[in-house]
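*Asks:* Here is the input, now give the coordinates:
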Amino acid sequence: MRQPSPVPQPVVRLSDFTGSGESTVFCQEKFVPDFQVLRMVLVASVAAACSGGVFSSAALGEDWPHWFGPTHDAVWHEDGILESFPPEGPKVLWRAPVNKGYSGPSVANGKVFLSDRIAGDVQNRKPGQGLPGVERYLCFDAATGKPLWTREYNVDYRISYPEGPRTTPTVDGDRVYFLGAMGHLACLKVESGETIWEMQLMEKYQTKAPVWGFSVHPRIDGDRLICVVGGTGSAVVCLNKMTGEEIWKSQTAEEVGYAPPVIVEKDGMRQLIYWYDTGLVGLNPDNGEALWTHEFPKVPPQRPVVCIVTPRVKDDLLLISDFYNGSLLLKLDFKKPGVREVWSSTPGDQEHKNDLNVLMGTPVIYKDHIYGIAGEGEMRCVSMLDQSLVWRDLAPSSAKRDALFATSFFIQNGERFFQLNDQGFLKICKLSPKGFEEISSANILKPTSFARGRDVVWSHPAFANRCMFARNDEELICFDLAASPK
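*Replies:* Numbering: from 1, shown residues only. Alright, predicted model coming up:
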């Protein structure tokens with residue numbers, strides 16, 4: 001079979017971004033590669049043959065267009081997924097070189113989006129200058145891993161763990177939204193990477209970067225784009241997703257935190273729930289009006305704060321967890337609206353030996369129990385009813401000893417979970433009050449970032465088209481997780 005022609009890689013270069021929106025596009029001659037022609041022919045043929053019916057999302061493959069997947073709940077809905085890994089591990093479909101960064105990939109419209117950073121010349125930096133470097137926004141073909149376009153700009157880092165961008169790109173139709181570690185927000189065209197609009201959040205809202213950089217993934221809500229920013233009265237900002245114009249801004253926080261806001265809806269009432277340094281607030285997503293607030297923790301917070309995990313919601317229950325303050329479970333009242341505390345960890349207790357204190361990897365709520373990696377690497381199961389500890393197990397972290405700040409990402413697929421831990425092990429498992437049941441495990445990703453005495457990989461994966469897309473500081477890899485034909 002004749003190999004496909006090389007794919008040109010347009011590069012959009014913005015020198016020393018100042019917020020002006022000026023950029024220059026450099027690209028090779030445009031043409032449609034052979035594999036793209038073949039794909040268009042196949043899609044057209046299938047559409048014509050099946051015009052009388054409707055495909056299920058599983059039949060066509062499901063996208064993973066933003067953080068936590070298509071339904072914002074870390075659930076992978078596709079079927080036809082393998083039951084266990086072959087002895088050599090899951091098949092690698094392609095590899096693409098990338099540079100450093102904590103950003104996870106998103107997958108949509110037959111493309112994979114990611115961001116990374118190339119370090120600059122540290123030795124010759126000017127007095128008072130941060131760490132120089134280039135942030136890049138990247139687009140690859142999801143089927144082959146071929147680079148399609150790159151957009152880059154110079155930026156100096158003044159944050160801890162200055163390894164690269166943190167946030168997952170957000171894809172919405174023909175647009176993709178990127179947020180860099182120092183607050184550069186950009187709306188680009190999916191097909192070309194061309195800039196539609198962009199802004200520097202720190203300049204616009206007169207704020208500073210969080211200690212560990214801008215880490216909250218932009219969230220689409222209808223015609224709005226919601227971002228956690230900072231500044232006086234602008235902890236949360238809602239923008240017109242088409243133009244970048246401000247619709248509303250709300251709240252003031254000394255530290256805005258790193259936890260993505262979530263949107264919940266019941267009985268016609270919609271709430272945007274935001275977790276910041278000293279508590280939680282429910283906002284009206286239409287205008288930013290505060291509907292309720294709840295203090296957490298009840299003692300002065302450890303600073304810098306580590307409110308990182310995505311708040312989890314099950315029915316009318318809301319869960320958060322952090323390393324220093326443990327966990328909090330609230331009951332949402334949609335009629336009032338308001339919240340009532342169900343239980344919380346002991347205020348001031350920073351050890352949490354018998355409850356759950358998750359640092360980064362968002363815990364799982366599954367069948368009335370909560371599962372998560374505690375701050376020193378143990379996976380723990382606690383009762384959702386009363387916060388009592390059911391079991392603990394170090395095996396999910398693949399650690400031979402306590403692993404401070406260990407993290408794992410759990411993605412549900414039916415009655416089981418795919419777990420990627422920070423040692424690069426992908427596990428298929430089941431979670432129950434009886435314990436952690438490992439069905440299959442494969443060491444698939446090299447830890448390339450050093451933190452707390454260990455080499456780790458802290459970038460979250462994406463699951464789409466019966467594949468997993470995962471990265472470290474060297475490469476982006478697509479793994480085939482489809483069941484073998486019978």
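*Asks:* gap between stretch 91-103 and the chain center?
*Replies:* Its chain's C-alpha centre and that of stretch 91-103 lie 16 Å apart, by C-alpha atoms, centre = their mean, to the nearest Å.
*Asks:* Quick check: end-to-end length of it?
*Replies:* End-to-end distance for stretch 91-103: 23 Å, by C-alpha to C-alpha, to the nearest Å.
*Asks:* same thing with stretch 382-397?
*Replies:* For stretch 382-397, the end-to-end distance is 17 Å (C-alpha to C-alpha).
*Asks:* and what of stretch 227-240?
*Replies:* Using C-alpha to C-alpha, first and last residues of stretch 227-240 are 11 Å apart.
*Asks:* Which residues does that stretch contact?
*Replies:* 179, 183, 185, 201-202, 205-208, 210, 214, 216, 218-219, 221, 223-226, 245-253, 256-257, 260-261, 272, 274, 276, 283, 285, 288 (C-beta atoms under 8 Å, 6 or more residues apart in numbering). C-beta coordinates here come from the backbone N, C-alpha and C atoms, glycine included.
*Asks:* In strands, which of those fall?
*Replies:* Of the contacts of stretch 227-240, the ones assigned to strands by DSSP state E are 179, 185, 219, 221, 224-226, 246-250, 272, 274, 276, 283.
*Asks:* hmm, which of the contacts of stretch 227-240 are the buried ones?
*Replies:* By neighbour count, with 16 or more other C-beta atoms under 10 Å, those hold 179, 183, 185, 201-202, 205, 207, 210, 214, 216, 218-219, 224-226, 247-251, 253, 256-257, 260-261, 272, 274, 276, 283, 285, 288 as buried.
*Asks:* Confirm for me that residue 170 is in contact with residue 63.
*Replies:* No - Residue 170 is not in contact with residue 63 according to C-beta atoms under 8 Å; the separation is 12.0 Å.
*Asks:* any idea how far residue 258 is from residue 464?
*Replies:* 25 Å (C-beta to C-beta, to the nearest Å).
*Asks:* what's residue 373 sitting at in phi/psi?
*Replies:* Residue 373 adopts backbone torsions of phi -90, psi 110, taken as degrees, to the nearest 10.
*Asks:* Burial check on it, number of neighbours?
*Replies:* 31 (other C-beta atoms under 10 Å).
*Asks:* what bridges to it?
*Replies:* As for beta bridges, residue 373 partners with residue 379 under DSSP bridges.
*Asks:* need the contact list for it.
*Replies:* For residue 373, the contact set (C-beta under 8 Å, 6+ apart) comprises 358-359, 361, 363, 379-380, 396-397, 406-408, 421.
*Asks:* Just the closest of the residues you listed to residue 174, please.
*Replies:* residue 361 (32.2 Å; C-beta to C-beta).
*Asks:* Does residue 150 lie in a helix or a strand, and which?
*Replies:* Taking DSSP states H and E as the criterion, residue 150 maps to strand 147-154.
*Asks:* can you give me how far the helix or strand immediately after that strand in the chain is from the chain middle?
*Replies:* Sequence-wise, the next helix or strand downstream of strand 147-154 (DSSP H and E) is strand 170-172. Distance of strand 170-172 from the chain centroid (C-alpha atoms, centre = their mean) equals 12 Å.
*Asks:* repeat for stretch 133-142
*Replies:* That offset, for stretch 133-142, works out to 16 Å (C-alpha atoms, centre = their mean).
*Asks:* Format the contacts of residue 373 as CSV; extra columns: neighbour count and pLDDT.
*Replies:* Formatted as CSV, these follow (neighbours: other C-beta atoms under 10 Å; pLDDT from 0 to 100):
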residue, neighbour count, pLDDT
358, 27, 96
359, 21, 94
361, 25, 95
363, 24, 97
379, 27, 96
380, 23, 97
396, 25, 95
397, 25, 94
406, 28, 91
407, 25, 93
408, 26, 96
421, 27, 97
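*Asks:* Now, the residues you listed that are in strands?
*Replies:* Short answer: the contacts of residue 373 in strands (DSSP E) are 379-380, 408, 421.
*Asks:* Now render these as JSON lines, adding distance to residue 77.
*Replies:* What follows is the ones in strands among the contacts of residue 373, written out as JSON lines (distance: C-beta to C-beta, whole Å):
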{"residue": "379", "distance to residue 77": "25"}
{"residue": "380", "distance to residue 77": "27"}
{"residue": "408", "distance to residue 77": "21"}
{"residue": "421", "distance to residue 77": "23"}
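*Asks:* Give me the pLDDT value at the residue most central in space within the chain.
*Replies:* By C-alpha atoms, centre = their mean, the chain has its centre lying nearest to residue 67, at 3.8 Å. Per-residue pLDDT puts residue 67 at 98.
*Asks:* From residue 142, how far off is residue 464?
*Replies:* 7 Å.
*Asks:* Can you pick out the residue with more neighbours from these two?
*Replies:* Neighbours around residue 464 and residue 142, counted as other C-beta under 10 Å, are more numerous at residue 142. The numbers are 26 against 23.
*Asks:* check contacts around the nearest residue to residue 219 once chain neighbours are set aside.
*Replies:* Among residues not flanking residue 219 along the chain, residue 226 sits closest, at 4.4 Å (C-beta to C-beta, 6 or more residues apart in numbering). By C-beta under 8 Å, 6+ apart, the contact list for residue 226 reads 218-220, 236-239, 261, 272, 285.
*Asks:* any low-confidence regions in the protein?
*Replies:* Within the chain, the stretches with pLDDT under 70 are 1-60, 486.
*Asks:* Any idea how many residues pack against residue 222?
*Replies:* The burial count for residue 222: 8, using other C-beta under 10 Å.
*Asks:* just the one 5 residues further on next, same as before
*Replies:* The local packing count at residue 227 equals 25, with neighbours defined by other C-beta under 10 Å.
*Asks:* That one pairs with what?
*Replies:* residue 237.
*Asks:* any idea how far it is from residue 246?
*Replies:* In terms of C-beta to C-beta, residue 227 sits 10 Å off from residue 246.
*Asks:* what do you get for residue 185?
*Replies:* 12 Å.
*Asks:* ok, now residue 395?
*Replies:* Distance from residue 395 to residue 246, by C-beta to C-beta: 48 Å.
*Asks:* And residue 315, by the same measure?
*Replies:* Counting by C-beta to C-beta, the gap from residue 315 to residue 246 is 34 Å.
*Asks:* thinking again about what came up before, intersection of neighbour lists for residue 464 and residue 142?
*Replies:* Common contacts of residue 464 and residue 142, defined by C-beta under 8 Å, 6+ apart, comprise residue 107.
*Asks:* wait, isn't residue 101 in contact with residue 118?
*Replies:* No - with contacts counted by C-beta under 8 Å, residue 101 stays clear of residue 118, the gap being 9.8 Å.
*Asks:* The residue nearest to the centre of the chain reaches residue 103, doesn't it?
*Replies:* No - the pair residue 67 / residue 103 is not scored as a contact, 10.2 Å apart, by C-beta under 8 Å.
*Asks:* list residues touching both of these two?
*Replies:* 167-168.
*Asks:* May I have the residues that are in contact with residue 475?
*Replies:* 95-98.
*Asks:* Tell me the one of those nearest residue 471?
*Replies:* Nearest to residue 471 among these is residue 98, at 5.9 Å by C-beta to C-beta.
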